[in-house]
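> dropping the sequence and predicted coords here.
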Amino acid sequence: MATHYSATALGPLFSAAFAQTPIPGKTRVDGDNRVNPSRIIDMASAYWSSCVLFAASDAGIFDFLAKNGPSASEAVAQGLDLDPRGAELLLNACVAVELLQKDGDRFANTPETGLFLVSGSPADLTRAIRYNRDVYAAWGKLGQLAQTGKPVEAPALHLGEDAERTRTFVLSMHGRAMAIGRAAVPMLDLAGVRQLFDAGGGPGTYSVLIAQANPEVTCQVMDLPGVTAVADELIKAQGMSSRVKTIPGDYHSSDFPQGNDVVLFFGVLHQESPESIQDLFARAYASLNPGGSVYVMDMMTDASHTQPPFSALFAVNMALTTESGWVFSDEELKGWLTGAGFKDFSVTPLPPPMPHWMARAKKA
């Protein structure tokens, strides 16, 4: 009979510690106020589930089951050119973490995986999660970041230096932006807007969504040449090349186009230092027509930089891969914008489950 991995199976050392360590003021429903190590044990093995997700997605398991229906492991292995034993272990692991269902010897997608992990589905996240897969190795070097304060891999790898890594990064950002943009774009007030500048716009996805919803708006997207090369392909594939143009350049030093009604900083400022953010806001202000607006959509924390937890962890993720990566607070953002001359600052969360916030301010 199978036994569950729990505190009772951790041996005399953990058992003794568990029995002798009370938490003052913390009493469970059963009256037991002892420390429980289960949360730490779960945390220590949490990456197992991530690896199952990445491996199954990369192997094409969810796509195969969507196309072929419930299938035995032998059929999946044969159809995807996998080792039969390895495929069965991975499939069973997918069931264990609730990515698949199993009936007898046949595996099938769950409603959740059928919607989010099948390529081409209306809510396809397969490209988006590949970014998480690519930074997995960097997280294993978190101790190095703590010792040096420097990123553990060269940021240029996914910003043009490595063509394959850059392409994967841009496609991943496109997948994420397609999901986030459906909630973010309707929050923009674009009445009377004709020209929009998307600073660090990556794949141009937000600009495409804006142009599709607002036929009178033309958009310009600035990003590094290696990024805009992929962005041009995506924009063309969506039939928006006439109204969404890319500007290859570095927004730290390249001139912003003038005469903008709106400037966007969507998901880019978490890789900038406070000094750089202040400079970008000053240049955005100068590029805007009177009464124009700047929108910032990003992760944000409270003043303690510890809440919400996802944003605090995302700050670490950015520091691992960029020189100045972090997550700022909404109050810090307000200070930078008002310091650049903007007024009427407001900020509001995107609808769940998105962990982002949308801020707006206007040129006097």
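Perfect, I can see it now. Numbers count the residues shown, from 1 in each chain.

> all strands of the stretch 251-364 of the chain, in order?
260-266, 288-298, 342-349, 357-363 (DSSP state E, counting those that start in this stretch).

> so this structure: which segments form each domain?
7-44, 46-124, 178-363 (automatic domain parsing).

> quick one: closest of the ones you listed to residue 145.
Proximity to residue 145, assessed across the domains of the chain by Cβ to Cβ, is greatest for domain 178-363 (5.7 Å). Heads up, the C-betas are built off the backbone N, CA and C, glycines and all.

> straight-line length of that closest one, end to end?
29 Å (Cα to Cα, to the nearest Å).

> on that earlier part again, of all the domains of the chain, which one is nearest residue 141?
domain 178-363 (7.2 Å).

> next one: the closest one to chain centre, how far?
15 Å (Cα atoms, centre = their mean, to the nearest Å).

> pLDDT (mean, whole number) over that domain?
For domain 178-363, the mean per-residue pLDDT is 96.

> so which bits of stretch 215-226 are buried?
217, 218, 219, 220, 221, 222, 223, 224, 226 (16 or more other Cβ atoms under 10 Å).

> my error: substitute stretch 351-362 in the last question.
Using 16+ other Cβ under 10 Å as the test for burial, stretch 351-362 gives 354, 355, 356, 357, 358, 359, 360, 361, 362.

> ok, and what's touching it?
With Cβ atoms under 8 Å, 6 or more residues apart in numbering as the test, stretch 351-362 has contacts from 179-180, 183-184, 187, 189, 267, 291-300, 308, 310-311, 314, 330, 333-334, 337-338, 342-350.

> quick check, pLDDT for residue 15.
43.

> from the buried residues of stretch 215-226, which land in strands?
218, 219, 220, 221, 222, 223 (DSSP state E).

> and the last one, how far is that from residue 271?
By that I understand residue 223. 12 Å (Cβ to Cβ, to the nearest Å).

> what does the second one give?
Plainly put, residue 219 is 22 Å away from residue 271 if you go by Cβ to Cβ.

> redo the buried residues of stretch 351-362 as a markdown table? Include distance to residue 280.
Listed next are these as a markdown table, based on distance: Cβ to Cβ, whole Å:
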| residue | distance to residue 280 |
| --- | --- |
| 354 | 23 |
| 355 | 22 |
| 356 | 18 |
| 357 | 18 |
| 358 | 17 |
| 359 | 14 |
| 360 | 16 |
| 361 | 13 |
| 362 | 17 |
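
> out of the ones in strands among the buried residues of stretch 215-226, which is nearest to residue 320?
residue 223 (21.1 Å).

> so what's that closest one up against?
200, 201, 202, 231, 246, 247, 248, 249, 251.

> quick check: buried residues in stretch 128-141?
128, 129, 130, 131, 133, 134, 135, 138, 139.

> now it - C-alpha only, PDB.
Extracted in PDB, the C-alpha atoms of stretch 128-141 (Å, rounded to 0.1, in the frame of the first residue of the first chain):
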ATOM      1  CA  ALA A 128       4.400  32.200 -23.100                       C
ATOM      2  CA  ILE A 129       5.700  29.400 -20.700                       C
ATOM      3  CA  ARG A 130       8.800  28.900 -22.900                       C
ATOM      4  CA  TYR A 131      10.300  32.000 -21.400                       C
ATOM      5  CA  ASN A 132      10.000  30.400 -17.900                       C
ATOM      6  CA  ARG A 133      11.600  27.300 -19.300                       C
ATOM      7  CA  ASP A 134      14.500  29.400 -20.700                       C
ATOM      8  CA  VAL A 135      15.300  31.100 -17.400                       C
ATOM      9  CA  TYR A 136      15.000  27.900 -15.400                       C
ATOM     10  CA  ALA A 137      18.800  27.400 -15.400                       C
ATOM     11  CA  ALA A 138      19.300  31.000 -14.200                       C
ATOM     12  CA  TRP A 139      17.200  30.400 -11.100                       C
ATOM     13  CA  GLY A 140      19.600  27.600 -10.200                       C
ATOM     14  CA  LYS A 141      22.300  30.300  -9.800                       C
END
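
> right, I'll call it a day here.
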